[in-house]
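Visitor: Starting from these lines, generate the structure:
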Amino acid sequence: MKRRAFITLIGGAAAWPLGAHSEKQMARVGVLMDVAENNPASKGWGDAFQAQLGVAGWQKGPNVEIIYRWGASDAERLARYAEELVRSAPDVFMVHGTPALIPLRKITTHHR
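Guide: Take a look at the predicted model:
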């Protein structure tokens, strides 16, 4: 089973090292946001996250795939997206907000 990591994003963006991947292997990041994609701050958070990944040498496209899901503070949607992201088997998760963290934590705890 691949190692899972949670990153809670509070008031900004954070990047997590994605582990030792070969140059040829594409890393995958599952991102669950508790806000809507059209929220004015959402683009800034996504851009900041990708910029911090870039500082660590990870570029969207060439060596990392980022799978975004936007929950819009809807508990049912967040739970559905959390399940979807877990099934996609990313190398690491990045989570924005406690409402998004709760269903993802619950699902990954049961999948161990």
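Visitor: beta partners of the residue nearest the centre of the chain?
Guide: The residue lying closest to the centre of the chain (Cα atoms, centre = their mean) is Val31, at 2.0 Å. Taking DSSP bridges as the rule, Val31 bridges to Tyr68, Met94.
Visitor: So in the chain, which helix runs the longest?
Guide: Ranked by residue count under DSSP state H, the longest helix found in the chain is helix 40-55.
Visitor: since we're on Gly46, how many residues are nearby?
Guide: Neighbour count of Gly46, defined by other Cβ atoms under 10 Å: 19. C-beta here means a position set from N, CA and C on the backbone, and glycine is covered the same way.
Visitor: Any regions of the protein where pLDDT drops low?
Guide: Along the chain, segments meeting pLDDT under 70 span 1-24, 111-112.
Visitor: ranges for the helices of this structure?
Guide: Secondary structure of the chain, counting by DSSP H: helices at 40-55, 75-87, 98-110.
Visitor: Give me the distance from the last one to the chain's centre.
Guide: Relative to the chain's own centre, helix 98-110 is displaced by 12 Å; criterion: Cα atoms, centre = their mean, to the nearest Å.
Visitor: cool, the longest one as well?
Guide: For helix 40-55, the gap between its own C-alpha mean and the chain's C-alpha mean amounts to 12 Å (Cα atoms, centre = their mean).
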